[in-house]
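Undergrad: Build the 3D model from these lines:
(one chain, ligands or ions: 1)
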Amino acid sequence: MNTSALFDAYTWPSGLETENRLIMAPMTTWSSHGDGRIHPDEIAYLRRRTPGLGMVITAAAYVQPLGHAFPGQWSCHDDSMIPSLRAAADVIHEQGAKAILQIHHGGRMCPASLLDTQPVSASGEAAERLDADTPRPMTTGEIEQCILAFAEATRRAIEAGYDGVEIHGANTYLLQQFFSPHSNRRTDAWGGSLKKRMRFPLAVTDAVLAAAKSAGRPFAVGYRISPEEIEEPGITMGDTLQLVDALAARPLDWLHVSVRSYFAGSMRDDTDPVPPTRHIIEMLDERLPVIGVGLVYSPDEAAALLEDGCAAVALGRILLMEPDWPAKARDGNTADIRHALPASGGDTQLTIPMPMYRKLLSRAGWLPLE
Ligand SMILES: Cc1cc2nc3c(=O)[nH]c(=O)nc-3n(C[C@H](O)[C@H](O)[C@H](O)COP(=O)(O)O)c2cc1C
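TA: As a prediction, this is how the structure comes out:
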């Protein structure tokens, strides 16, 4: 496979230019200060991983205190966070890549113990997982404030020097909760029909795009989706194609399709072996660039995504295990690419903040161990 295309420059619709097609996937670090300010160890982690990438999409940062989903999560909910956010953008720029802040609200996935109050969501339906807290439905006033909070987070990203934001509409968090028939049982203007379930994610998108206009420089806005849910009822590929169509009518820079494995077929339909991202690329017909992700570990696999029509490839866990992936891929040293995490000492050896390293070790099977 010819992997040289991974190193071709790319210009996104907003005019933002990236040196190549390699992106660091957004990854939460669990390592920030208690108030959401970024820890120096997270800056070191970014410094170690950025060289050779075109763009880094940061860890999810919560836009409102009620959106705080993990201990040690980054925050962008208040102007007091701007200096901390700037430190991360600066280190990414120093190492030669573009910096994208992922903006996020956890909704019903935020533990009540972390929030110190009941989490909110589209409706009062708990997630289907052990120990999930039951959320309360957001009021219309809270919905409007939340949309504004995403716009305010975008303004902060601009002030902190970022090159763009990615709206986190994936992985079961609040935007997906409004789109999902499982978590959205509302009967008002924000739920019910497919069109009404789309209303909140689209309103957030429009507010973020409006805020991005004030940057006065190329400033990208991307959107991350999860194309399917396994729950019944749950988001189907048919639902997603309609949301994607509505997103493609807006001046976004990319659609980032979050799936566990890029090459796997439908999660809901055993008879459909076509990767969901491929369905989306085909339906979009070049109206919106697509970022592919999910168990892409070798340069050949990454190049295959570009051949499928992805504009760029996001790398997650492989960059935790092998920060030098871009250089090794470029130089053809693929045999040297490390595919496992050291079972001890990986924090210093690979510059991973200790709380994150502990978390990675604690989830069996998440990353292969040496
Ligand atoms: C440690 C870790 C943290 C993650 N945090 C986020 C996050 O903050 N936002 C997000 O959209 N996805 C997050 N993800 C998902 C990744 O962006 C990516 O989609 C997933 O890991 C699959 O890609 P990979 O196989 O290359 O790791 C996270 C994944 C990992 C492993």
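Undergrad: How about Gly164, nearest residue that isn't a chain neighbour?
TA: Ala220 (3.0 Å; Cβ to Cβ, 6 or more residues apart in numbering). (Each C-beta comes from the backbone N, C-alpha and C, glycine too.)
Undergrad: SS state for Glu166?
TA: With DSSP: H, G, I helix; E, B strand; the rest coil as the basis, Glu166 sits in strand.
Undergrad: per-residue pLDDT, it?
TA: Glu166 is assigned a pLDDT of 99 by the prediction.
Undergrad: That one - how many residues pack around it?
TA: Residues lying near Glu166 (other Cβ atoms under 10 Å) number 28.
Undergrad: So what sits opposite it in the bridge?
TA: Gln102, Gly222 (DSSP bridges).
Undergrad: Now do it against Ile318, distance only.
TA: 19 Å (Cβ to Cβ, to the nearest Å).
Undergrad: So which residues of the stretch 251-370 of the chain form strands?
TA: Listed in chain order, the strands of the stretch 251-370 of the chain (DSSP state E, counting those that start in this stretch) span 254-257, 290-293, 312-315.
Undergrad: Which neighbours in the sheet does the first one have, and how are they oriented?
TA: Okay, so that is strand 254-257. strand 220-225 (parallel), strand 290-293 (parallel).
Undergrad: try the last one
TA: If you go by DSSP bridges, strand 312-315 pairs up with strand 22-24 (parallel), strand 290-293 (parallel).
Undergrad: Of these, flag the one that's most buried.
TA: Of all the strands paired with strand 312-315, strand 22-24 has the most neighbours on average by mean count of other Cβ atoms under 10 Å, namely a mean of 26.
Undergrad: mean confidence score for that one?
TA: Strand 22-24 shows a mean pLDDT of 99.
Undergrad: circling back to that earlier point, let me have the strands of the stretch 251-370 of the chain in TSV, extended by distance to the ligand.
TA: Listed next are the strands of the stretch 251-370 of the chain as TSV, based on distance: least, Cβ to the nearest ligand atom, whole Å:
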stretch	distance to the ligand
strand 254-257	8
strand 290-293	5
strand 312-315	5
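Undergrad: so which of these gets nearest Cys146?
TA: Shortest distance between Cys146 and these, using Cβ to Cβ, is found for strand 254-257: 20.9 Å.
Undergrad: How far off centre is that closest one?
TA: Taking Cα atoms, centre = their mean, to the nearest Å, one finds strand 254-257 lying 9 Å from the centre of the chain it belongs to.
Undergrad: quick one: which helix or strand includes Ala99?
TA: Take DSSP states H and E as the rule and Ala99 turns out to sit in strand 98-104.
Undergrad: now that strand against strand 220-225, angle please.
TA: Following axes from the mean of the first three to the mean of the last three Cα atoms, to 10 degrees, one obtains 50 degrees for the angle between strand 98-104 and strand 220-225.
Undergrad: ok, and the closest non-adjacent residue to the residue in the chain positioned nearest to the ligand?
TA: Nearest to the ligand, among the residues of the chain, is Gly316, at 2.5 Å (Cβ to the nearest ligand atom). Closest residue to Gly316 apart from its sequence neighbours, by Cβ to Cβ, 6+ apart: Ala25 at 3.7 Å.
Undergrad: can I assume the one you found is in contact with Val293?
TA: Yes. Counting by Cβ atoms under 8 Å, Ala25 does reach Val293; the two are 5.4 Å apart.
Undergrad: so what's in contact with those two at the same time?
TA: Ala314, Leu315, Gly316 (Cβ atoms under 8 Å, 6 or more residues apart in numbering).
Undergrad: what number of residues lie near the first one?
TA: It stands for Ala314. For Ala314, the count of nearby residues is 30 (other Cβ under 10 Å).
Undergrad: tell me which parts of this structure are close to the ligand?
TA: By the rule Cβ under 6 Å from any ligand atom, the part of the chain lying against the ligand is 25-28, 59-60, 102, 168, 170-171, 224, 258, 293-296, 315-318.
Undergrad: Buried only: go through these for me.
TA: 25-28, 59-60, 102, 168, 170-171, 224, 258, 293-294, 296, 315-318 (16 or more other Cβ atoms under 10 Å).
Undergrad: I'd like to know which of the residues you listed are part of helices.
TA: Taking DSSP state H, the ones among those that sit in helices are Arg317, Ile318.
Undergrad: I figured Met55 was touching Ala25, is that so?
TA: No. Met55 is beyond contact range of Ala25, at 10.4 Å (criterion: Cβ under 8 Å).
Undergrad: Low-confidence ranges, the stretch 251-370 of the chain, go.
TA: Filtered on pLDDT under 70, the stretch 251-370 of the chain yields no residues whatsoever.
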